[in-house]
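Participant: got a predicted structure plus its sequence, pasted below:
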Amino acid sequence: MNGYLFLLPATVLAFSCRQPQPVAEVPLAPRIDTILEMHGHQRVDPYYWMNDRENPAVINYLEAENAYLQARLVHTTKLQEELFEEMKGRIKQDEESAPFFRNAYYYYVRYETGAEYPIYCRKQGSLEAAEEVMLNVNELAESQPYFNVGGYDVSPDNRLLAFTVDTIGRRQYTIKLKDLETGMITATGTQFAGGDVSWASDNETVFFTSIDPVTLRYNRINRYNINGGKAPEEVYYEEDETFYYIGVNRSKDNRYLMITAYSTLSNETWLLEAGNPTGKFRVFQPREKNLLYDVWPHHGRFFVRTNWNAQNFRLMETPANATHKKNWKEVVPHRPDVLFENMEVFDDYLVLQGRKQGLNRLRIMHLSSGDVHNLEFPEEAYTASIGINAEMSTDVVRFNYTSPTTPNSTYDYNMATRRRDLIKRQEIPGGFDPELYETRRLYATARDGVQVPLTLLYRKNTPQNGQNALLLYAYGSYGSSINPRFNANIFSLVDRGFVYALAHVRGGQELGRQWYEDGKLLKKWNTFNDFIDCAEFLVAEKYTNPGLLFAGGGSAGGLLMGVIINERPELFRGVIASVPFVDVVTTMLDETIPLTTAEYDEWGNPNNREYYDYMLSYSPYDNVVNQAYPNLLVTSGLHDSQVQYWEPTKWVAKLRKHNTGDGIILLHTNMKAGHGGASGRFRRLRETALEYAFLLDLAFDSTPFSE
């Protein structure tokens, strides 16, 4: 790549020939300096050689790290098993989702006792009808170390099922077809699919996304006639490498196939009548910088959610035959105090989902009368969202509700009578008593005076004396809001004395679009400072103390963890960094790495000196120094397509080299999974049990990690 000078001596292979180390010894990664030069500035990376998954030395090193972790945590084996069984015990093993109706069938997902994977089912016409099993993922996944069904779609005549499968964990899907009458599954031969698939109205043409095999960028939409005997035909190619995702779906009214291409700052939608699958897609509104919009067809018109002259988005409408934004007319105006997040359309109603003061709001609008009313939710912190609503001709909207003390709940709400019916609530075997716990919404004052929301969960009567263990979690990027929701696993910490806290730092959208803008690009330091200020607030308010304060975050939240331990290592007893994005500058300069070019609008383009210098100011890997670091558990996936495995691996090696304290630094790499960790509902719990044992051992054992 331009601007790089690589010095890779052949001795990098020597590690693969080393004698096996005793498992309790710290793995020592060879230091082989690689000079990385950009803008006349040189960085020395001693572990760049790890960027090669085909190198046996790399695999041996990862396995040595896994063995070291097991040796250092062997004394927690019993605790890990106890935690696993405890969390598993909170799962209703024969769980079944709330059914929803679409095109003459009720659809639902269920699990069987002891099974890792879901079973996708349907019943024709009535819930009393015989069950039809569409996909038993347990059978499909048999003998596979990793298995994931990405998406599926049933043909309009209800006869065929198209679905996508990933057996690696790297978001590289294949497409298969199942005849729901005969049960026969056939492979299409399609590889490097993006995970989505949609049928046209002719019941023989499917549209799907494909990805670049190197960068994994979603860049093509293809048309495939299952009876044509020909290879898929490309119908759309996205040339702009800053557009990170394209997808295709069929509209709720089944009239259109819609392609949408997204970048961080703009998007574009293309339309094709679903009854004309061989036709040509047409653009809804040409892309413009800083213009975002989503569309919903509705009886000869389109509703449009957009940020056009509306930072927090507003609602417009336009005729179906005149979709350029010059024809858009305002329906619901912009509100500076409410972020308009999502919408659902029905024949007679609209349901608008917004966010005010960090919490969701659902607003019902009757189209003919203009009457508007809101759904009210009483708890101090909660999450409410529009559910699956597949039919247009109904007065009932399905929504989901949860809070830190309310298990996941599905409601049907009659928009005409205003009756709310609980359809299903997540069942916790053995019972769950919300009266034992308390949820609080607090605000920490950041160093620049901004009020940062915090959500806390703890057992009632927990003393506020500074002697509680506390886990503080955050994400803070991409405008992704961390919602206060029920997490059955977390009670294994809370019931053992932990306070659990969510820091809604800048970089998310909890307080609107500006909250996101103030935590990205050249304002990214706000995210890191907010988290540290929240931690100091919790100490000052005597919810915890630095000897019992823990932090956690994953992916971009792992970047956050990397910065805070460079900046304030003494503030935390231990940190969990899951699949952390920590080698920011090197990754953002390498356009061959998946997602890089699409990330420029989030982090900046380091080919520009201003962004290079700013990234360099916080990049965790580049800012490791000689100091005492807190105890650290880092997790990774060998096949991770979003944060390449070598980032956390190099970071751990460098931290160990510079750590002047006695904090233990551990790395666990799942050798058979990607960004999301293990597949299967119970396998994932093993990884959670490991993390929780790490925290509990530090919090309550005076001699943790004893050998």
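Facilitator: Ah, there it is. A quick note: this is a predicted structure, and the numbers were derived from the prediction, not measured.
Participant: tell me where the stretch 601-707 of the chain has helices.
Facilitator: 609-618, 646-658, 683-700 (DSSP state H, counting those that start in this stretch).
Participant: and these as JSON lines, adding mean pLDDT, distance to Arg314 and mean neighbour count?
Facilitator: Heads up, the C-betas are built off the backbone N, CA and C, glycines and all. Formatted as JSON lines, the helices of the stretch 601-707 of the chain follow (pLDDT from 0 to 100; distance: least, Cβ to Cβ, whole Å; neighbours: other Cβ atoms under 10 Å):
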{"stretch": "helix 609-618", "mean pLDDT": "98", "distance to Arg314": "31", "mean neighbour count": "17"}
{"stretch": "helix 646-658", "mean pLDDT": "96", "distance to Arg314": "39", "mean neighbour count": "22"}
{"stretch": "helix 683-700", "mean pLDDT": "94", "distance to Arg314": "40", "mean neighbour count": "21"}
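Participant: wait, which of those is closest to Ser369?
Facilitator: For Ser369, the closest of these is helix 683-700, at 47.6 Å, according to Cβ to Cβ.
Participant: residues in contact with the closest one?
Facilitator: Helix 683-700 has contacts (Cβ atoms under 8 Å, 6 or more residues apart in numbering) with 73, 75-76, 79-81, 83-84, 87-88, 116, 469, 471, 489, 492-493, 496-498, 548, 550, 552, 573-574, 576, 631, 633, 635, 666, 668, 670, 677-678, 704-705.
Participant: restrict that helix to CA atoms and write it as PDB.
Facilitator: What follows is helix 683-700, C-alpha atoms only, in PDB (Å, rounded to 0.1, in the frame of the first residue of the first chain):
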ATOM      1  CA  ARG A 683     -22.200 -22.200  23.500                       C
ATOM      2  CA  ARG A 684     -22.400 -18.400  23.900                       C
ATOM      3  CA  LEU A 685     -23.000 -18.800  27.600                       C
ATOM      4  CA  ARG A 686     -19.600 -20.500  28.000                       C
ATOM      5  CA  GLU A 687     -18.000 -17.400  26.900                       C
ATOM      6  CA  THR A 688     -20.100 -15.200  29.100                       C
ATOM      7  CA  ALA A 689     -19.300 -17.500  32.100                       C
ATOM      8  CA  LEU A 690     -15.600 -17.100  31.400                       C
ATOM      9  CA  GLU A 691     -16.000 -13.300  31.500                       C
ATOM     10  CA  TYR A 692     -18.100 -13.200  34.600                       C
ATOM     11  CA  ALA A 693     -15.700 -15.600  36.400                       C
ATOM     12  CA  PHE A 694     -12.900 -13.200  35.500                       C
ATOM     13  CA  LEU A 695     -14.800 -10.300  37.100                       C
ATOM     14  CA  LEU A 696     -16.000 -12.100  40.200                       C
ATOM     15  CA  ASP A 697     -12.500 -13.600  40.900                       C
ATOM     16  CA  LEU A 698     -11.100 -10.100  40.900                       C
ATOM     17  CA  ALA A 699     -13.900  -8.500  42.900                       C
ATOM     18  CA  PHE A 700     -14.200 -11.000  45.700                       C
END
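Participant: surely Tyr218 meets Tyr244?
Facilitator: Yes - Tyr218 lies in contact with Tyr244 (Cβ atoms under 8 Å); the separation is 7.1 Å.
Participant: now Val235: closest residue in space, sequence neighbours ignored.
Facilitator: Setting aside the residues directly before and after it, Val235 is nearest to Arg223 in space (Cβ to Cβ, 6 or more residues apart in numbering), at 4.9 Å.
Participant: helix, strand or coil for that neighbour?
Facilitator: What DSSP: H, G, I helix; E, B strand; the rest coil gives for Arg223 is strand.
Participant: what pLDDT does it get?
Facilitator: pLDDT recorded at Arg223 is 94.
Participant: just checking, it touches Phe207?
Facilitator: Yes - assessed by Cβ under 8 Å, Arg223 is found in contact with Phe207 at 5.6 Å.
Participant: those two - which one has more neighbours?
Facilitator: Phe207 (29 against 21; other Cβ atoms under 10 Å).
Participant: what secondary structure does that one sit in?
Facilitator: strand.
Participant: for it, name its beta-bridge partners.
Facilitator: With DSSP bridges as the criterion, Phe207 is bridged to Ser198, Arg223.
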